[in-house]
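Novice: One predicted model, sequence on top.
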Amino acid sequence: MDFGLTEEQEQLRESARHFLASECPAQKMREIAADAPGLSPELERKMAQLGWPGLIVPEQFGGAGLGMLDMAVLLEECGYAAMPGPFLFSAAIAAYALAAGGGDEIKTRWLRALAAGDATGAVAIVEANDGLAPSDFAVSARTAPAGAVINGVKMFVPYAQSASFFIVAARTGAGARDVELFVVPANAAGVKIRPLKALDLTRRLALVEFDGVLAPPEAQLRGGADLYERVLGAGAIAISADSIGGAQRVLDMAVEYAKVREQFGKPIGSFQAIKHAAAEIVADLEPARALVWYAAYAFDALPREAARAAAMAKARACEVYSRAAGKAVLMHGGIGFTWEHDIHFWFKRARLNESLFGAPPYHRERVAALGGY
């Protein structure tokens, strides 16, 4: 199969690389990461002007109506820049959940605002036990006369402090597939947010408690367990694309350093051990990139293959990123272990990417299960 990007996708990729090199260089990324909110309103505004938040939002709700492959191309560049902010979680995952499961009222209220850059969404799935199966959830949605009442605590919610609304996964019964997704405004009565410290300095995580939060009928997204699994797939592809971009960046940083750092009167890039380390990253990276692109394509066009392809991409891409970041740090020698060098931001981001939306072992088991083993 001859699979590649279209001319428009290549243009999106190049324009995103140019924009982020100008608006989010490493020094700017450091400044944003050091600031308590962990985001730049100016950068968010400029991305909104480019139409990035509405990339996969349907046209009738103010978006560009593009697909997950287009989003993956964009997120790869965001990962290359280690761009801080809620973009990945809001524009790729929350937007998909709303577009796929929301009624017209919810879409009109939130998708339009999200596409315009006037609102951001956060996805609240994981709990203290770190499980992704509905049976693992303690957060519940109890039927009430005015809708559903949500109770429980979600952990590691990205950018909860700056979110306009949450996509909340809640258990609705004792069955293995008794799960529903709800749209909950961040300012709803009973929502409490507590910031958490994270290894990845380019992102912000929080604990979110839902204490008797009322979700009216229109706030329940349609699709139940099927929608929940597709949202997990969207999250897996989004994190995988970010990981591929990050792996490419640490490789580029290590190669550039190897060209200028000298030992024994020679650039260290001339040493066989350094060449081997760089070649191993490339050998890992290129097949993983193809996996991610195919998973994003399948998500758009091959629904029967989408879940398995997303799991394969997540399992592989995040391990490749962590391994590449580790090798790149070693290629930098002693300077790579210091705060002053930028590479530690990508190294730490790689570690968080491994756990977000399911660690590689979880997705390898999922691949096996979906394959009938």
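Specialist: Cool, the structure landed.

Novice: Find the centremost residue of the protein, please.
Specialist: Closest to where the C-alpha atoms of the chain average out (Cα atoms, centre = their mean) is residue 239, at 3.8 Å.

Novice: Tell me the secondary structure of that residue, please.
Specialist: Classification of residue 239 by DSSP: H, G, I helix; E, B strand; the rest coil places it in helix.

Novice: repeat for the one 3 residues further on
Specialist: Reducing the assignment at residue 242 to three states with three-state DSSP gives helix.

Novice: separation between it and residue 352?
Specialist: 10 Å (Cβ to Cβ, to the nearest Å). Quick note: C-beta positions are derived from backbone N, CA and C, even for glycine.

Novice: which one of these two has more residues nearby?
Specialist: Shown here are residue 242 and residue 352; by other Cβ atoms under 10 Å, residue 242 has more neighbours (30 against 19).

Novice: Please report how far that one lies from residue 272.
Specialist: Counting by Cβ to Cβ, the gap from residue 242 to residue 272 is 32 Å.

Novice: do the same with residue 130
Specialist: Going from residue 130 to residue 272 by Cβ to Cβ gives 41 Å.

Novice: So which of those two has more stuff around it?
Specialist: Comparing residue 130 with residue 272 by neighbour count (other Cβ under 10 Å), the higher total belongs to residue 130, at 13 against 7.

Novice: For that one, which residues are in contact?
Specialist: Residues in contact with residue 130 (Cβ atoms under 8 Å, 6 or more residues apart in numbering) are 155, 355.

Novice: any idea whether it is helix, strand or coil?
Specialist: Following three-state DSSP, residue 130 is assigned to coil.

Novice: Same question for residue 357.
Specialist: Under three-state DSSP, the three-state class of residue 357 is coil.

Novice: So what's the residue count around the closest residue to it other than its chain neighbours?
Specialist: In space, and not counting its chain neighbours, residue 357 is closest to residue 235: 3.8 Å by Cβ to Cβ, 6 or more residues apart in numbering. Number of residues near residue 235 (other Cβ under 10 Å) recorded here: 25.

Novice: Next: residue 179.
Specialist: Using other Cβ under 10 Å, residue 179 is surrounded by 24 other residues.

Novice: Tell me if I'm right that it and residue 140 touch.
Specialist: No: contact criterion Cβ atoms under 8 Å: residue 179 and residue 140 do not qualify, at 10.2 Å.

Novice: Mutual contacts of these two, please.
Specialist: Common neighbours of residue 179 and residue 140 (criterion: Cβ under 8 Å, 6+ apart): 170-172.

Novice: Now do the helices in this structure.
Specialist: Along the chain, the segments classed as helices by DSSP state H run 7-23, 26-34, 41-50, 68-80, 87, 95-101, 104-106, 112-116, 224-260, 272-301, 303-331, 343-355, 360-370.

Novice: Buried deepest among those, which one?
Specialist: Highest mean neighbour count of those: helix 68-80, a mean of 26 (counted as mean count of other Cβ atoms under 10 Å).

Novice: Can I get it in PDB, CA atoms only?
Specialist: What follows is helix 68-80, C-alpha atoms only, in PDB (Å, rounded to 0.1, in the frame of the first residue of the first chain):
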ATOM      1  CA  MET A  68      -8.300  12.700  12.500                       C
ATOM      2  CA  LEU A  69      -5.400  12.200  10.100                       C
ATOM      3  CA  ASP A  70      -5.300  16.000   9.600                       C
ATOM      4  CA  MET A  71      -5.400  16.400  13.400                       C
ATOM      5  CA  ALA A  72      -2.600  13.800  13.800                       C
ATOM      6  CA  VAL A  73      -0.400  15.700  11.300                       C
ATOM      7  CA  LEU A  74      -0.900  18.900  13.400                       C
ATOM      8  CA  LEU A  75      -0.400  17.200  16.700                       C
ATOM      9  CA  GLU A  76       2.900  15.700  15.500                       C
ATOM     10  CA  GLU A  77       4.200  19.200  15.100                       C
ATOM     11  CA  CYS A  78       2.800  20.200  18.500                       C
ATOM     12  CA  GLY A  79       4.700  17.300  20.000                       C
ATOM     13  CA  TYR A  80       7.800  18.400  18.100                       C
END
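
Novice: Name the next helix or strand downstream of it, please.
Specialist: Going down the chain from helix 68-80, the next helix or strand is helix 87, by DSSP states H and E.

Novice: low-confidence ranges in this protein?
Specialist: Within the chain, the stretches with pLDDT under 70 are 1-3, 262.

Novice: Give me the domain ranges for the protein.
Specialist: 7-119, 122-223, 225-370 (automatic domain parsing).

Novice: For the shared contacts of residue 179 and residue 140, please prepare JSON lines with the additional fields distance to residue 252 and neighbour count.
Specialist: Output for those, formatted as JSON lines (distance: Cβ to Cβ, whole Å; neighbours: other Cβ atoms under 10 Å):
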{"residue": "170", "distance to residue 252": "42", "neighbour count": "29"}
{"residue": "171", "distance to residue 252": "44", "neighbour count": "19"}
{"residue": "172", "distance to residue 252": "47", "neighbour count": "20"}
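
Novice: Nothing else from me, thank you.
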